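In: using only what follows, build the 3D model:
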Amino acid sequence: MNGLIINILMFGGISFFVFLLFLFMLKREKISEQKFAAFEMSLEELNKEIYLIKKKIKNIDNLPKIEKMEEQVIQLVDNMEKIEEKNIEIINLIQERINDLYVKIKQNKLPDISGDISKNEEEKILSLYKNGYDIEQISRELRIPAGEIELIVKFSDF
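Out: Numbers count the residues shown, from 1 in each chain. Okay, the predicted model is just below:
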């Protein structure tokens with residue numbers, strides 16, 4: 001009975017950790033959305049400025065000034081493209097880190113839940129389960145509570 005309570009508490013703790021991780025990811029996503037909103041606003045402002053510049057260009061008869069303005073506009077557009085590329089790289093890096101965290105959590109899940117069960121016993125349990133034994137049969141043969149065996153089987157991606 002004590003083993004079951006400990007397993008339930010461990011499962012609850014892991015569930016709480018996963019919940020906190022989910023909340024953390026939501027918060028990071030909200031921050032990213034805010035940054036993108038600011039980025040969009042700056043793009044709108046640049047578009048307005050470009051529109052005003054083009055409008056002024058029509059009123060100017062001096063061609064060298066127009067060419068100079070076009071170069072500045074092209075340079076602004078190039079700078080914005082570089083910023084966009086950096087933002088995409090940052091987003092990809094964040095996504096890779098989130099994926100790495102998922103992998104680490106998944107790898108660490110089974111040993112944390114098994115508590116008193118050794119790695120060798122876990123392998124025996126999984127081997128028997130793969131060979132068609134049901135949870136009750138494995139429990140009788142290895143003299144391990146069925147609840148612990150069920151948790152190990154559930155968290156081993158069967």
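In: packing partners for the lowest-mean-pLDDT helix or strand in the chain?
Out: Ranked by mean pLDDT, DSSP states H and E, the weakest helix or strand in the chain is helix 63-114, scoring a mean of 79. If you count contacts as 3 or more CB pairs under 8 Å, 6 or more residues apart in numbering; DSSP states H and E, helix 63-114 packs onto helix 2-59, helix 119-130, helix 146-154. C-beta: built from backbone N, CA, C; applies to glycine.
In: excluding residues flanking it in the chain, which one is nearest the residue nearest the centre of the chain?
Out: Centroid-nearest residue in the chain, with CA atoms, centre = their mean: residue 98, separated by 3.2 Å. In this structure, residue 98 finds its nearest non-sequential neighbour in residue 25, 6.5 Å apart by CB to CB, 6 or more residues apart in numbering.
In: quick one: contacts for the residue nearest to residue 150 when sequence neighbours are not counted?
Out: Nearest in space to residue 150, with sequence neighbours left out and distances taken as CB to CB, 6+ apart, is residue 135 at 5.4 Å. If you count contacts by CB atoms under 8 Å, 6 or more residues apart in numbering, residue 135 has them with 129, 146, 149-150, 153.
In: if I look at the residue nearest to the centre of the chain, how far off is residue 69?
Out: 43 Å (CB to CB, to the nearest Å).
In: with residue 35 instead?
Out: From residue 35 to residue 69 the distance is 30 Å (CB to CB).
In: same drill for these two, tell me which one is more crowded.
Out: Legend: neighbour count by other CB atoms under 10 Å for residue 35 and residue 69, higher for residue 69 (16 against 13).
In: and that one, what is it in contact with?
Out: 53, 57 are the contacts of residue 69 under CB under 8 Å, 6+ apart.
In: how close does it get to residue 58?
Out: Applying CB to CB to residue 69 and residue 58 gives a distance of 12 Å.
In: then stretch 68-75 to CSV, C-alphas only?
Out: This file holds the C-alpha atoms of stretch 68-75, laid out as CSV (Å, rounded to 0.1, in the frame of the first residue of the first chain):
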residue,chain,number,x,y,z
LYS,A,68,19.9,58.4,-53.2
MET,A,69,16.5,57.9,-51.5
GLU,A,70,16.0,54.6,-53.4
GLU,A,71,19.4,53.4,-52.1
GLN,A,72,18.3,54.3,-48.6
VAL,A,73,15.0,52.5,-49.0
ILE,A,74,16.8,49.4,-50.4
GLN,A,75,19.2,49.5,-47.5
